[in-house]
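Enquirer: dropping a prediction and its sequence here:
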Amino acid sequence: MDEPFEARPPAQDEQILSLFNDEKTKERGFRMLMDKYSRYVYSYTRRFVYSHEDANDLTQDVFVKIWRFLGSFRGDSSLKTWITRICITTCLSFLKKKKEALALGDDKFTDHLWNVAAQEHYFSADRLEQWLQEAIIRLPEKQRIVFTLRYYDELPYEEMSKALDTSVGALKASYHFAREKVEDYLKKKIN
């Protein structure tokens, strides 16, 4: 009688790093890392750039950087925090280049991002979800990053602190102000 199929649990980060650091098993370790983190990296980049195509490209860019720099990962933070930091810097660099290429000021670029988000099928057609996305897009960059990490990923402030190289207190303040702005925006839309 055949054994029922059981999904394998995701690889542990220590196992991934051990395999990656051995030349004989480096590619296997990297494939395991991709299996474990590809969905996370894609969804993270998607929430920042809103475009499916851009998120796919950025996901590839992030994994190229991970491949290039994983050998120098020191373990000062969790692997996920380190990957999040790469996602953040990659997304911010992309958005800065895009804004410059389009020659748009902050407000116009925010409008551009909202138009991209509104055209994408990935985001819910539900009106409240659309308003939430619009409110998040309109946050200042730092607040948008902190709000996204905390609201969607429920990332603890201590991990955010390591990923963003910012104090926990500053992150809590940024999240507080971002949440207030989002709530105010939604209240205006609802009323």
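Expert: Looks like it came in fine.

Enquirer: please make it C-alpha for all contacts and neighbour counts, starting now.
Expert: Fine.

Enquirer: torsion angles phi and psi at the nearest residue to residue 59 once chain neighbours are set aside?
Expert: Nearest non-adjacent residue to residue 59, counting by CA to CA, 6 or more residues apart in numbering: residue 42, 5.5 Å away. Dihedral pair for residue 42: phi -60, psi -50, per degrees, to the nearest 10.

Enquirer: surely residue 42 and residue 54 touch.
Expert: No. Using CA atoms under 8 Å, residue 42 makes no contact with residue 54, being 9.9 Å away.

Enquirer: the two: which has the busier surroundings?
Expert: In this view residue 42 and residue 54 are compared by other CA atoms under 10 Å, and residue 42 has more residues nearby, 20 against 17.

Enquirer: what's the distance between that one and residue 88?
Expert: Per CA to CA, to the nearest Å, residue 42 is found 12 Å from residue 88.

Enquirer: repeat that for residue 70.
Expert: 16 Å.

Enquirer: how close does the residue nearest the centre of the chain sit to residue 64?
Expert: Nearest to the mean C-alpha position of the chain, by CA atoms, centre = their mean, lies residue 44 at 2.6 Å. Distance, residue 44 to residue 64, by CA to CA: 16 Å.

Enquirer: now for the least confident helix or strand in the chain by mean pLDDT, which elements pack on it?
Expert: Between all helices and strands in the chain, the lowest mean by mean pLDDT, DSSP states H and E belongs to helix 106-119, at a mean of 71. Using 3 or more CA pairs under 8 Å, 6 or more residues apart in numbering; DSSP states H and E, the elements in contact with helix 106-119 are helix 127-137.

Enquirer: redo that, cut-off 10 Å
Expert: helix 26-49, helix 79-102, helix 127-137 (3 or more CA pairs under 10 Å, 6 or more residues apart in numbering; DSSP states H and E).

Enquirer: could you chop this protein up by domain?
Expert: By the assignment in automatic domain parsing, the chain contains the domains 9-104, 124-191.

Enquirer: and of those domains, who's closest to residue 111?
Expert: domain 124-191 (8.4 Å; CA to CA).

Enquirer: mind telling me what element residue 62 is part of?
Expert: Counting by DSSP states H and E, the element that carries residue 62 is helix 52-69.

Enquirer: give me the common contacts of residue 42 and residue 88.
Expert: Counting by CA atoms under 10 Å, 6 or more residues apart in numbering, the contacts common to residue 42 and residue 88 are residue 62.

Enquirer: contacts only, for residue 16.
Expert: 25, 26, 28, 29, 30, 31, 32, 33, 34, 36, 79.
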